[in-house]
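Novice: the following comprises the amino acid sequence and a computationally predicted model.
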Amino acid sequence: MAIRIVRLGSPRAPGEGLRIGTVRRPPRGVPKTEFAAQDWYDVWYPNLAPSAETMKLGQAAETPAQWAAFTRLYQREMAEPDASRNLDLLAALSHHGAMAVGCYCEDAARCHRSLLRELLVQRGAEVID
């Protein structure tokens, strides 16, 4: 069992398990009853999404220095006690069941989900690419 890092809205992998949306807002124009059926997510968990202010910085990042600034802010947010405990929980659960966490961004390298992956690995999570 493990955690997959996915793009929300993409087709589910076989055996993917519970899909968790670590995004600030639900998908636009999609009825809540259709989130899971359309492969967005089963559970919305904005606790692990960047804050609105930090998210704006990440979306506007055009240079490596700007992306590094976003990375530092997001990592600082995830070091807060509540977020840190949430990461610890997901890391522990990765050894007992299949799940996926993700975001909408097309480019995973310029998305908080790549940073979330690193944070989970640092906490001992079993992660599948």
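Specialist: Ah, there it is.
Novice: Ala50 reaches Gln75, doesn't it?
Specialist: That one is not Ala; residue 50 is Pro. No - applying CB atoms under 8 Å as the test, Pro50 and Gln75 come out as separate, 10.1 Å apart. (Glycine included, C-beta is placed from N, CA and C.)
Novice: any stretches of this structure with poor pLDDT?
Specialist: Of all residues in the chain, none has pLDDT under 70.
Novice: return the set of buried residues in the helix ranked longest in it.
Specialist: Longest helix of the chain, by residue count under DSSP state H: helix 64-78. By neighbour count on 16 or more other CB atoms under 10 Å, the buried set for helix 64-78 is 70-71, 73-74, 77-78.
Novice: give me the nearest residue to Ala36, chain neighbours excluded.
Specialist: In this structure, Ala36 finds its nearest non-sequential neighbour in Asp42, 4.8 Å apart by CB to CB, 6 or more residues apart in numbering.
Novice: what's near enough to touch the one you found?
Specialist: Shown in contact with Asp42 (CB atoms under 8 Å, 6 or more residues apart in numbering): 18-20, 35-36.
Novice: show me what contacts Pro50?
Specialist: So Pro50 contacts 24, 58, 70, 73-74, 77, 112 (CB under 8 Å, 6+ apart).
Novice: should've said Ala91
Specialist: 120, 123-125.
Novice: quick check: Ala98 touching Pro14?
Specialist: No - contact status for Ala98 versus Pro14: not in contact, 9.9 Å apart, counting by CB under 8 Å.
Novice: for the two, indicate the residue with more neighbours.
Specialist: Neighbour totals were compared for Ala98 and Pro14, and Ala98 leads with 17 against 5 (other CB atoms under 10 Å).
Novice: how far away is that one from Pro31?
Specialist: Using CB to CB, to the nearest Å, Ala98 is found at 26 Å from Pro31.
Novice: start and end of stretch 91-98, how far apart?
Specialist: 11 Å (CA to CA, to the nearest Å).
Novice: likewise stretch 47-64?
Specialist: End-to-end distance for stretch 47-64: 26 Å, by CA to CA.
Novice: grab the nearest non-local neighbour of Thr22.
Specialist: Here the residue nearest Thr22, using CB to CB, 6+ apart, is Leu48, at 4.1 Å.
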